[in-house]
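J.: The sequence and its predicted three-dimensional model are supplied below.
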Amino acid sequence: MKNFLKDESGMGVVEVILIIVVLIGLVIIFQTQIKTVVNNIFKTITSKTGQVK
(Lines give C-alpha, C1' and ligand atoms only; values in the text may rest on other atoms or scores of the structure.)
Protein backbone atom coordinates (compact mmCIF):
# COMPACT_ATOMS: atom_id res chain seq x y z
CA MET A 1 0.00 0.00 0.00
CA LYS A 2 2.87 2.39 0.78
CA ASN A 3 4.36 1.79 -2.65
CA PHE A 4 1.03 2.65 -4.25
CA LEU A 5 0.81 5.96 -2.37
CA LYS A 6 4.40 6.88 -3.25
CA ASP A 7 3.99 6.01 -6.94
CA GLU A 8 4.07 9.25 -8.93
CA SER A 9 4.02 7.83 -12.45
CA GLY A 10 0.68 9.43 -13.32
CA MET A 11 1.35 12.83 -11.79
CA GLY A 12 2.43 14.41 -15.08
CA VAL A 13 -0.88 13.53 -16.71
CA VAL A 14 -2.85 14.92 -13.78
CA GLU A 15 -0.88 18.16 -13.85
CA VAL A 16 -1.43 18.62 -17.58
CA ILE A 17 -5.17 17.96 -17.21
CA LEU A 18 -5.41 20.50 -14.37
CA ILE A 19 -3.60 23.13 -16.43
CA ILE A 20 -5.94 22.52 -19.38
CA VAL A 21 -9.00 22.80 -17.10
CA VAL A 22 -7.73 26.10 -15.67
CA LEU A 23 -7.04 27.49 -19.15
CA ILE A 24 -10.50 26.50 -20.38
CA GLY A 25 -12.02 28.16 -17.31
CA LEU A 26 -10.11 31.37 -17.99
CA VAL A 27 -11.24 31.38 -21.62
CA ILE A 28 -14.85 30.93 -20.54
CA ILE A 29 -14.59 33.71 -17.94
CA PHE A 30 -12.88 36.21 -20.25
CA GLN A 31 -14.66 35.16 -23.44
CA THR A 32 -16.05 38.60 -24.36
CA GLN A 33 -12.77 40.39 -23.67
CA ILE A 34 -10.85 37.87 -25.78
CA LYS A 35 -13.33 38.26 -28.65
CA THR A 36 -12.99 42.06 -28.48
CA VAL A 37 -9.19 41.94 -28.58
CA VAL A 38 -9.13 39.44 -31.47
CA ASN A 39 -11.69 41.45 -33.46
CA ASN A 40 -9.69 44.66 -32.95
CA ILE A 41 -6.51 42.94 -34.10
CA PHE A 42 -8.18 41.62 -37.26
CA LYS A 43 -9.75 45.04 -37.98
CA THR A 44 -6.31 46.63 -37.71
CA ILE A 45 -4.77 43.99 -39.97
CA THR A 46 -7.46 44.30 -42.63
CA SER A 47 -7.47 48.09 -42.57
CA LYS A 48 -3.70 48.29 -43.03
CA THR A 49 -3.41 45.71 -45.82
CA GLY A 50 -3.99 48.43 -48.41
CA GLN A 51 -0.97 50.35 -47.15
CA VAL A 52 1.45 47.50 -47.85
CA LYS A 53 3.22 47.92 -51.19
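T.: Ah, there it is. This is a predicted model, so every value here is computed, not measured.
J.: which stretches of this structure form helices?
T.: Under the criterion DSSP state H, helices of the chain are mapped to 2-6, 11-29, 31-48.
J.: Any chance of those in TSV with mean neighbour count and mean pLDDT as columns?
T.: Bear in mind the C-beta positions are built from the backbone N, C-alpha and C, glycine included. Formatted as TSV, the helices of the chain follow (neighbours: other C-beta atoms under 10 Å; pLDDT from 0 to 100):
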stretch	mean neighbour count	mean pLDDT
helix 2-6	6	69
helix 11-29	10	93
helix 31-48	10	94
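J.: Centre-most residue in the chain?
T.: Geometric centre of the chain, nearest residue: L23, 4.6 Å, by C-alpha atoms, centre = their mean.
J.: need the contact list for it.
T.: Applying C-beta atoms under 8 Å, 6 or more residues apart in numbering to L23 gives no contacts.
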